[in-house]
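Novice: show me the folded form of this:
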Amino acid sequence: MKSAPAYQTLRQQLRDEIAAGLYRDGARLPTESELVASHGLSRQTVRRAFQDLVAEGMVYRVPGRGTYASESGHRYLRQLGSIEDLMSLSEDTTMEVVSGLRRRVDVDVASRLRLVDDIVYTVVLRRCHDGVPFVLTRVHLPEWVARAVLDSPQMRDGALSTSTIISLTEPHLREPIVEAAQSITVGSADVQVADAVGCGVGHPMLRVDRLYADAVGTPVELAVSHFLPEQYTYRVTLRRST
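Specialist: Numbering: from 1, shown residues only. I've put the predicted structure just below:
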């Protein structure tokens, strides 16, 4: 099996050390020169590992002083800016189905999906990073989307996979997914959320609603997620238009 590039190995080692609390209370990470000497790596390799950690929000750099772990370094952090970023959640998290895909009646969800009737299909899942649960998501699908994946093993009670729901459904859609309209609010944990992520009922949560639409504007999925703030950091990069 081909080994991972050296910068990825170093990046993961530093991630693990940060998660273990090795650089808390203002402790500085080793410098590029120190890592070059201790690991026998090139400066370019070390610099690439640091660049990735900065981009992820795991560390920040102070010119002339060094590199430090961010306060959110112990949490799961994703930087999101595209549909591809959402699909790539499968790269470093695990999806566990709490309640498999089932037919139900939900007037509010059906309205948000712009359906002519009140029938939706819902799957409830939690996602974990390094074995730690950080979010419960309820995914609602129109019947015509759900039927294509109704017999999928990844949609059954207790299923474990590294998939995302949109990566499972998109190959069956008439048009590709091109948009996710997102809203972020403060929510609270109900019994199902609390059991899934290990917090108390009523615990403050970060609620993120995403309504996915295809290339012709048809809604194809509504995902309502409750993130545990202690285990998750959400980051979006905004750029000035030219």
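
Novice: which secondary structure element of this protein has the lowest mean pLDDT?
Specialist: Here the helix or strand of the chain ranked lowest by mean pLDDT, DSSP states H and E is strand 76-80, holding a mean of 53.

Novice: where does the chain dip in pLDDT?
Specialist: Along the chain, the parts satisfying pLDDT under 70 run over 1-2, 25, 71-92, 235-239, 241-242.

Novice: just say helix, strand or coil for the residue in it sticking out farthest from the centre.
Specialist: Largest separation from the mean C-alpha position in the chain: residue 37, at 35.0 Å (C-alpha atoms, centre = their mean). Assigned by DSSP: H, G, I helix; E, B strand; the rest coil, the conformation of residue 37 is helix.

Novice: so what's it up against?
Specialist: Counting by C-beta atoms under 8 Å, 6 or more residues apart in numbering, residue 37 touches no other residue. All C-beta atoms are positioned from the backbone trio N, CA, C, and that covers glycine.

Novice: check residue 190 too.
Specialist: Residue 190 neighbours (C-beta under 8 Å, 6+ apart): residue 201.

Novice: just give the closest residue to residue 161, not the sequence neighbours.
Specialist: Closest residue to residue 161 apart from its sequence neighbours, by C-beta to C-beta, 6 or more residues apart in numbering: residue 154 at 4.6 Å.

Novice: quick one: the one you found from residue 169, how far?
Specialist: To residue 169, residue 154 is 11 Å away according to C-beta to C-beta, to the nearest Å.

Novice: tell me if residue 61 really is in a strand.
Specialist: Yes: judged by three-state DSSP, residue 61 forms part of a strand.

Novice: could you give the number of residues near it?
Specialist: 14 (other C-beta atoms under 10 Å).

Novice: great, nothing more from me.
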